[in-house]
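Undergrad: Structure of the sequence below:
(one chain, ligands or ions: 1)
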Amino acid sequence: MNSHNPTPLPARLRDIAYAEDMTETAGNTPLVRLRVLPREWGIKATILVKPEFLNPTGSVKDRMAIYLLRQAERKGELSPGGTIVEATSGNTGAAVAMFAAAHGYRAILTIPDKMSAEKINALRAFGAQVHVCPTAVAPEDPRSYYETAKRIARETPHSYFVGQYFNTDNIEAHYRTTGPEIWRQTKGKIDVLVGGIGTGGTVSGTARYLKEQNPKVAVIAADPEGSVFYHYFKTGALPEAHPYLVEGIGDDFLCPTLDLTVIDDICQVSDRDCFLMARDLTRKEGICGGGSSGGIVLAALRYAQEADLAEDKLLVAILPDHGNKYISKIFNDEWMREKGFIE
Ligand code: PMP
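TA: Presented below is the predicted three-dimensional model:
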């Protein structure tokens, strides 16, 4: 670190409780009970959600980005004067941009143009340089946000490319933090884990840890219509992807940060499902998650209902990000009407 290198606090203040910078505040999110939706669905089991939107930049991706960047600092791959480069659907970018601001690095981020204005502007708010790239091109197209980030990293001296889609430490971050937290918080009583797949890091790492503790833990992932994971999981064949609106989950290719061997089933959800459930979750439970949170809660409710989970069973659903990131979309009636999701 450089000018952001911490100087010790005066002796009198050393025993006070504080974080040296915002990046230290990630993780240790609570578990919160759903009280209304399970009752409406006739579900007897307990459903707890883990609102990862309580992380410092409002998403689960703070854990992974901070883990990878700290490791890069330790290995000397990221050092004073360095530039962090990443391809992001917005949440990893916010985490990277926060880390860069707090530790004195430059950040250059690429993001597809379908992502919300709130997410794109948040990156700039932290001082990052942002390249908005077309969504509707193949991942290997030089204009795609993946390829653009790779090119920028190649062309920028003293840069560190995070690479959340191929760096398997993405899984490790959740294996070391999210998994043990849930195990500890539930006193090992978790029966079912539900999450979403973007890179796959969250579900893969968390599930791997939980299944090592108890192989009977069932793991269910929500996948949006248009993404390839559901079809691949069911048939072994990779279908053609088609565009969809929900942000951060689903993809058009398989990446090494997704470990399908720890996933027991995939539940397909539509854009409409995700958005309407995100609104319901906010109004009925007071839990304001984004569209992927809506899809994940719907997958959790469907699973608990179809499996007729007994009263003493415990399901935990990971909510990836905050609804505040989608005020102009999911929580904007005009946008919802325009897209045909509400009357
Ligand atoms: N939901 C949202 C809103 C996200 O941004 C992401 C990350 N792309 C996910 C879910 C999925 O997380 P992961 O990449 O760990 O699979």
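Undergrad: secondary structure class for the residue nearest to G90 when sequence neighbours are not counted?
TA: Nearest-residue entry for G90: K119, 3.3 Å, with adjacent residues in sequence omitted and distances by C-beta to C-beta, 6 or more residues apart in numbering. All C-beta spots, glycine's among them, are computed from the backbone N, C-alpha and C. Secondary structure, DSSP: H, G, I helix; E, B strand; the rest coil: K119 is helix.
Undergrad: pLDDT wise, what is K119 at?
TA: Note for K119: predicted pLDDT of 94.
Undergrad: Quick check: it vs K339, distance?
TA: 18 Å (C-beta to C-beta, to the nearest Å).
Undergrad: swap in G198?
TA: 21 Å.
Undergrad: Could you do T92 as well?
TA: T92 is 25 Å from K339, where distance means C-beta to C-beta.
Undergrad: With N28 instead?
TA: 36 Å.
Undergrad: So if I had to pick from the two, which one is more boxed in?
TA: Remark: of N28 and K339, K339 carries more neighbours, 14 against 11, as counted by other C-beta atoms under 10 Å.
Undergrad: so that one makes contact with S270?
TA: No - counting by C-beta atoms under 8 Å, K339 sits too far from S270 to count as a contact (11.7 Å).
Undergrad: centre of the chain versus the helix or strand encompassing V132, how much separation?
TA: Following DSSP states H and E, one finds V132 within strand 129-133. Distance of strand 129-133 from its chain centroid, counting by C-alpha atoms, centre = their mean, to the nearest Å, is 20 Å.
Undergrad: Please apply the same query to stretch 82-102.
TA: Worked out by C-alpha atoms, centre = their mean, stretch 82-102 lies 14 Å from the chain centre.
Undergrad: cool, and stretch 47-59?
TA: Between the centre of stretch 47-59 and the centre of its chain there are 9 Å (C-alpha atoms, centre = their mean).
Undergrad: and the end-to-end length of it?
TA: One end of stretch 47-59 to the other measures 20 Å (C-alpha to C-alpha, to the nearest Å).
Undergrad: Stretch 272-287 and the ligand, are they touching?
TA: No - between stretch 272-287 and the ligand, judged by C-beta under 6 Å from any ligand atom, nothing touches; the nearest distance is 9.9 Å.
Undergrad: ok, and for that stretch, which residues are buried?
TA: The neighbour-count check on stretch 272-287 (16 or more other C-beta atoms under 10 Å) flags 272-282, 285, 287 as buried.
Undergrad: Might you enumerate the residues of this structure proximal to the ligand?
TA: Counting by C-beta under 6 Å from any ligand atom, the residues of the chain near the ligand are 59-61, 89, 91, 196-202, 247-249, 290, 292, 320-321.
Undergrad: and if we set it to 8 Å?
TA: Within the chain, the positions near the ligand by C-beta under 8 Å from any ligand atom are 59-61, 64, 88-92, 164, 170, 174, 195-204, 247-249, 257-258, 290-293, 296, 320-321, 325.
Undergrad: now this protein, which segments are flagged as low pLDDT?
TA: 1-3 (pLDDT under 70).
Undergrad: Report the buried residues of stretch 119-127.
TA: Buried, per 16+ other C-beta under 10 Å, within stretch 119-127: 119-120, 122-123, 126.
Undergrad: Which residues does it contact?
TA: By C-beta atoms under 8 Å, 6 or more residues apart in numbering, the list of residues contacting stretch 119-127 from outside reads 57, 88-91, 93-94, 97-98, 100-101, 107, 109, 111, 130, 132, 247, 325.
Undergrad: likewise stretch 59-75?
TA: The contact list for stretch 59-75 (C-beta under 8 Å, 6+ apart) reads 1, 23, 26-27, 52-53, 55-56, 78-79, 84, 86, 91-92, 94-96, 98-99, 103, 160, 162, 164, 167, 169-170, 172-174, 176-178, 201-202, 318, 320-322, 325.
Undergrad: Please, which helix or strand holds D15?
TA: D15 belongs to no helix or strand, assigned by DSSP H and E.
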